[in-house]
Structures are given as structure tokens and as C-alpha cells.
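A.B. asks: coords please:
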Amino acid sequence: MTLSRYTSKDLDKIFDAVSTYSVGYDDLFNRMLSYGQVAPQYPPYNVVKESDTKWRVEMALAGWSREEIEISTETNVLCVKSKSEKDSEDEFIHRGVAKRAFSRSFNISDDVEVGDVTYKDGLLAIRLTKIVPEKQKKKVYEIGG
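C.D. replies: Residues are numbered from 1 along each chain as shown. Next up is the predicted model:
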């Protein structure tokens with residue numbers, strides 16, 4: 001018997017399989033299925049897997065200062081948004097660098113915590129860590145004689 005490893009790309013298959021045998025998870029499933037339906041294109045971002053328990057969300061925010069960005073969590077949602085939109089008095093012949101109000105949210109599980117948040121050269125980086133309780137970590141036992 002082979003064990004399949006699912007990824008976030010397989011959510012529809014997972015939900016179909018689990019919904020047959022679960023009760024009370026409707027809110028969780030609906031939140032996850034509807035989340036990506038209307039995905040904004042701005043600002044661009046990466047989600048980088050550093051290990052099985054660590055990730056990094058990177059967001060390109062050229063032209064924004066630290067003071068203009070708000071990062072928050074509430075009810076298992078990590079939200080990155082602009083505090084205000086700057087109205088430039090300049091007259092642009094071509095405006096290729098976007099500078100508009102934004103809000104980007106990510107669902108995070110109960111056992112994931114936000115760690116370091118850095119902002120350097122227009123790249124916001126948010127470190128996320130899955131907290132594994134001691135009783136769930138792998139333990140190796142000596143065999144007594």
C-alpha cells in the first residue's frame with residue numbers, strides 16, 4: 001500500500017473525501033474553499049517552505065514604508081494591508097510601479113505562530129512556525145535488558 005502525500009493543490013480531492021466522513025467542519029471547509037475564489041493580483045507574494053515546520057511569506061511592496069504597512073492576525077487569518085493610500089501630486093506619463101491600497105490575507109492553522117517580520121529593500125518577509133508540542137515530537141527510547 002502506498003501512502004499519497006497531498007498538497008494544497010489537492011484541496012478539492014481532500015474535501016470530497018473528508019466530507020463523507022466528517023461532521024461539524026463545514027465552516028472550515030467553506031472558508032478554505034471560498035478563500036482563493038477572488039484573488040487580488042496586488043501585491044505580488046511568495047510563500048517559501050523552509051522546512052516541515054517553517055515557512056516564509058515574502059511580499060513585494062516597492063515604494064511603501066514600514067509605517068504604511070499593517071500586519072495582524074485574527075481568528076487564524078494573517079492579514080497584511082496598507083494603512084493608507086498615498087495620493088501623489090506628480091503627473092505621471094507612465095506609472096509602472098503600483099502604489100495603491102491593498103489587503104492580502106492568509107489562512108493559518110491553530111498551531112502556526114507568526115515569528116520575525118522584516119522589511120528590507122521593498123521586500124516584506126514574515127516567518128511562520130508550526131509549534132509542535134513536546135508530546136508529539138519524535139522520541140527515541142533505549143531498549144533495556
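A.B. asks: Next one: the residue most central in space within the chain relative to D16, how far apart?
C.D. replies: With distances taken as C-alpha atoms, centre = their mean, the chain has F106 as the residue nearest its mean C-alpha position (3.8 Å). Distance, F106 to D16, using C-beta to C-beta, to the nearest Å: 24 Å. Every C-beta, even on glycine, is put in place using the N, C-alpha and C of the backbone.
A.B. asks: lowest-pLDDT helix or strand in the chain?
C.D. replies: None of the helices or strands of the chain scores lower by mean pLDDT, DSSP states H and E than helix 26-35, at a mean of 62.
A.B. asks: right, and the helix or strand after that helix?
C.D. replies: Next along the chain after helix 26-35, taking DSSP states H and E as the criterion, comes strand 45-49.
A.B. asks: Show me what counts as buried in the next helix or strand after that next one.
C.D. replies: Downstream of strand 45-49, the first helix or strand assigned by DSSP H and E is strand 54-60. Counting neighbours by 16 or more other C-beta atoms under 10 Å, one finds that the buried residues in strand 54-60 are 55-57, 59.
A.B. asks: list the helices and strands whichever helix or strand comes after strand 54-60 packs on?
C.D. replies: Scanning forward in sequence from strand 54-60 by DSSP H and E, the next helix or strand is strand 69-74. If contacts are counted by 3 or more C-beta pairs under 8 Å, 6 or more residues apart in numbering; DSSP states H and E, strand 69-74 sits against strand 77-82, strand 112-120, strand 123-130.
A.B. asks: what comes up buried for the shortest one?
C.D. replies: Meaning strand 77-82. Buried residues in strand 77-82, counted by 16+ other C-beta under 10 Å: 78, 80, 82.
A.B. asks: No more questions from me, cheers.
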